[in-house]
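>>> for reference, the sequence and a predicted model appear below.
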Amino acid sequence: MYLIEPKRNGQWVYDPGVSMAIQDYVKDHIFLDDDVMFPYMMDPVVQIGKYQNAYEEVNQPYMDDHGIKIVRRVTGGGAVYLDDRNMSFCFLIDVNQSNDIFGNYKRLYEPVIEALKKLGVDENLLEQKGRNDLVLDGKKISGAAMTVEKGRVYAGYSLLTDPNYEAMVSALNPNMKKLESHAIQSVRSRVGSIRPYLAPEYQNMTVWEFTDYMLCELLGIDDVSEAKRYELTKEDWANIDQLTAEKYHNWDWNYGRFQQFEYKMTERFPVGTITVGLVVKQGKIADVQITGDFFGKKDTKEIEAALKGVRLRKADVLEALQPFDLSDYFGNISTEEFVSFLMSEKVPTT
């Protein structure tokens with residue numbers, strides 16, 4: 001099995017979009033004489049499944065405040081919070097040599113279970129459970145996803161050694177007042193950590209030491225220097241950069257891919273109650289209706305018209321409303337207040 005590390009000029013790449021683009025590019029364009037493994041560690045990010053609606057899965061205001069990005073992967077499954085405290089692993093496995101690994105998450109996790117046992121983890125507490133989870137003492141320490149493309153199983157999983165529980169819970173806690181759609185919603189499981197279950201002599205392993213150990217176990221080698229590697233070329237990197245820009249750093253892929261959903265917000269302001277209903281298509285406001293018991297001098301249909309076709313993103317909405325004095329439409333309310341309400345942020349007190 002080949003090892004492809006997300007390194008550029010000898011430096012580890014933490015950008016979530018670049019990491020995903022590396023895997024995506026290799027999956028579609030690089031075919032070697034053996035299977036492939038990618039370890040990857042990212043800057044804080046919420047990675048959502050191919051078929052999920054980003055607005056249902058994340059707490060965008062929290063993510064904005066804490067510099068957490070979002071990236072959509074090409075496999076299904078649910079949303080997961082990843083960061084630079086935990087390592088993840090992906091694989092490209094020849095379908096003809098895989099012994100029916102596709103959809104067999106128990107088999108996918110077998111090498112992980114064996115490796116953790118050698119670190120002192122009680123095998124009686126480890127179990128592949130549910131559709132695609134690995135649990136330790138009843139708590140989830142890994143979630144896996146896979147698909148098949150161009151004759152290879154593309155599979156991956158994270159391994160939680162030092163999870164940031166506060167960020168994980170907060171980032172994966174969407175705060176829209178009301179959402180209705182047919183998207184697959186993440187099942188939020190109880191999450192655990194591998195570290196407390198390691199033998200005493202391994203308790204102080206760094207994430208990099210744990211990674212090197214797992215690489216050796218998964219590749220069947222004694223030292224990571226023995227790994228059979230494929231080094232990405234300048235041409236590879238040029239294509240990866242293009243894919244990153246066009247796809248994984250593209251708002252339309254990460255947010256706008258979901259076809260349509262609706263939501264409604266109602267808030268009591270000093271000027272009265274305002275209710276806004278939105279229909280969102282491809283991440284853009286397709287229809288909007290504003291109602292309430294407020295008093296205004298101008299017709300809110302002008303605001304509705306200004307919002308149609310605008311991306312459901314705070315900066316875009318603020319820009320669309322910049323020409324308007326909202327006090328003419330609602331009374332004493334600022335544009336910032338209205339947009340915070342529209343984005344289901346905490347509404348500033350007046």
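Good, I have the coordinates.

>>> so where's the stretch 151-300 of the chain shaky on pLDDT?
For the stretch 151-300 of the chain, the stretches with pLDDT under 70 are 174-189, 258-259.

>>> that one: strands as residue ranges?
152-159, 179-180, 228-229, 260-269, 272-281, 284-292 (DSSP state E, counting those that start in this stretch).

>>> between these, which one is nearest to residue 57?
Distance to residue 57, taken as Cβ to Cβ, is lowest for strand 179-180 among these, at 10.3 Å. C-betas here are computed from N, CA, C, even on glycine.

>>> residue 191 is nearest to which of the strands of the stretch 151-300 of the chain?
Going by Cβ to Cβ, the one of those nearest residue 191 is strand 152-159, 10.6 Å.

>>> so the nearest residue to residue 287 once chain neighbours are set aside bridges to which residues?
Using Cβ to Cβ, 6 or more residues apart in numbering and skipping residues adjacent in sequence, the residue nearest residue 287 is residue 279, 4.0 Å away. Bridge pairing for residue 279 (DSSP bridges) gives the partners residue 262, residue 287.

>>> isn't residue 279 up against residue 286?
Yes: with contact defined as Cβ atoms under 8 Å, residue 279 counts as touching residue 286 (4.7 Å).

>>> shared neighbours of the two, which are they?
Common contact partners of residue 279 and residue 286 (Cβ atoms under 8 Å, 6 or more residues apart in numbering): residue 260.

>>> for the stretch 51-200 of the chain, which segments count as helices?
Taking DSSP state H, counting those that start in this stretch, the helices of the stretch 51-200 of the chain run over residues 54-57, 60-66, 105-118, 165-171.

>>> so the residue nearest to residue 287 versus residue 335, what's the distance?
Per Cβ to Cβ, to the nearest Å, residue 279 is found 22 Å from residue 335.

>>> over to residue 42?
34 Å.

>>> can you name the residues that contact the residue lying closest to residue 48 once chain neighbours are set aside?
Closest residue in space to residue 48, ignoring its immediate chain neighbours: residue 79 at 4.7 Å, by Cβ to Cβ, 6+ apart. Neighbouring residues of residue 79 by Cβ under 8 Å, 6+ apart: 46, 47, 48, 49, 52, 57, 58, 172, 186.

>>> who wins for most neighbours among those residues?
Within the contacts of residue 79, most neighbours by other Cβ atoms under 10 Å means residue 48, with 28 neighbours.

>>> phi, psi for that one please.
When read as degrees, to the nearest 10, the backbone of residue 48 gives phi -110, psi 160.

>>> so it versus residue 261, what's the distance?
For residue 48, the distance to residue 261 - Cβ to Cβ - is 14 Å.

>>> what does residue 51 give?
In terms of Cβ to Cβ, residue 51 sits 13 Å off from residue 261.

>>> with residue 148 instead?
From residue 148 to residue 261 the distance is 29 Å (Cβ to Cβ).

>>> the more surrounded of the two?
A count of neighbours by other Cβ under 10 Å puts residue 261 above the other of residue 148 and residue 261, at 20 against 14.

>>> how much space separates that one from residue 316?
17 Å.

>>> now swap in residue 95 and tell me
42 Å.

>>> burial measure for residue 242, as a count.
12.

>>> nope, residue 275 is what I meant
A count of nearby residues for residue 275, using other Cβ under 10 Å, gives 14.

>>> dump the contacts of residue 79 to CSV, plus distance to residue 242.
CSV is the format used below for the contacts of residue 79 (distance: Cβ to Cβ, whole Å):
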residue, distance to residue 242
46, 24
47, 21
48, 22
49, 24
52, 25
57, 27
58, 27
172, 31
186, 30
